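In: can't give you the sequence, but here's the structure:
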């Protein structure tokens with residue numbers, strides 16, 4: 001096996017592993033598969049932690065994980081797929097920053113590693129054992145990497161900013177005694 005062949009096999013294994021992992025998390029959110037809570041449960045959880053409207057955010061997060069990573073695993077539209085997964089994981093990582101880095105303590109290690117891996121695949125490409133290569137890289141152009149990996153952090157920052165604003169609004173309303181409009185439900189499900 002030549003070095004190029006080994007590189008392509010390595011990229012395939014990486015894409016399949018990361019893609020399948022994130023696709024499974026996305027289908028938990030979207031359909032309740034693999035012990036997930038589906039859109040209703042995930043949406044309620046997202047509402048409870050400030051991602052409002054919760055159901056819409058659950059759909060976007062689920063599609064970013066399941067859809068983006070299914071494409072990543074296939075090696076199709078790799079820049080967009082990797083950017084979608086990286087952006088989704090950037091938002092997920094913010095849910096864990098208070099607990100610092102290590103996953104064993106509830107930190108952001110896991111979503112950070114998955115997001116960085118997805119971003120690296122978007123930058124480096126899928127290799128020759130991919131649908132992008134089979135299709136002549138029509139949806140895997142260098143400019144697409146730049147657009148995807150510029151748009152993903154901007155979109156993630158917007159989502160995080162909206163969450164912070166929703167949480168601050170709820171806290172202000174609670175402080176002023178308007179409990180009916182200010183209470184966020186108690187989080188009941190882990191954010192995966």
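Out: It's in. As the structure is a prediction and not an experimental result, all values here were calculated from the model. Numbering: from 1, shown residues only.

In: drop to CA atoms for contacts and neighbour counts, all remaining ones
Out: Noted.

In: which other helices and strands does the biggest helix by length in the chain contact?
Out: Of all segments of type helix in the chain, defined using DSSP state H, the longest is helix 142-175. Counting contacts by 3 or more Cα pairs under 8 Å, 6 or more residues apart in numbering; DSSP states H and E, helix 142-175 is packed against helix 78-94, helix 109-124, helix 179-182.

In: cutoff 7 Å now
Out: Taking 3 or more Cα pairs under 7 Å, 6 or more residues apart in numbering; DSSP states H and E as contact, the helices and strands that helix 142-175 lies on are helix 78-94, helix 179-182.

In: need the winner for burial among those helices.
Out: With neighbours defined as mean count of other Cα atoms under 10 Å, these peak in mean count at helix 78-94, which reaches a mean of 28.

In: isn't residue 132 up against residue 75?
Out: Yes. Taking Cα atoms under 7 Å as the definition, residue 132 is a contact partner of residue 75 at 5.7 Å.

In: show me which of those two is the more surrounded one.
Out: Legend: neighbour count by other Cα atoms under 10 Å for residue 132 and residue 75, higher for residue 75 (31 against 22).

In: give the contact list for that one.
Out: Residues near residue 75 by Cα atoms under 7 Å, 6 or more residues apart in numbering: 126, 130-132.

In: sort out for me which of these are in strands.
Out: Here DSSP state E is the test, and the contacts of residue 75 give no hits in strands at all.

In: who wins on neighbours among the residues you listed?
Out: So for the contacts of residue 75 (other Cα under 10 Å), the most neighbours sit at residue 126, 30 neighbours.

In: give me phi/psi at the residue nearest to that residue when sequence neighbours are not counted?
Out: Ranked by Cα to Cα, 6 or more residues apart in numbering and with sequence neighbours excluded, the top spatial neighbour of residue 126 is residue 75, at 5.3 Å. The phi/psi pair for residue 75 (degrees, to the nearest 10) reads phi 70, psi 40.

In: separation between residue 75 and residue 133?
Out: Distance, residue 75 to residue 133, by Cα to Cα, to the nearest Å: 8 Å.

In: for the helices and strands packed on helix 142-175, could you give me TSV that also reports mean pLDDT and distance to residue 164?
Out: What follows is those, written out as TSV (pLDDT from 0 to 100; distance: least, Cα to Cα, whole Å):
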stretch	mean pLDDT	distance to residue 164
helix 78-94	95	11
helix 179-182	48	14
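
In: could those go into CSV alongside distance to residue 69?
Out: Output for the helices and strands packed on helix 142-175, formatted as CSV (distance: least, Cα to Cα, whole Å):
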stretch, distance to residue 69
helix 78-94, 6
helix 179-182, 36
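
In: who's in contact with the most centrally placed residue in the chain?
Out: The centre of the chain sits closest to residue 88, judged by Cα atoms, centre = their mean, with a distance of 2.4 Å. Neighbouring residues of residue 88 by Cα under 7 Å, 6+ apart: 61, 64-65, 156.

In: since that was my last question, I'll sign off now.
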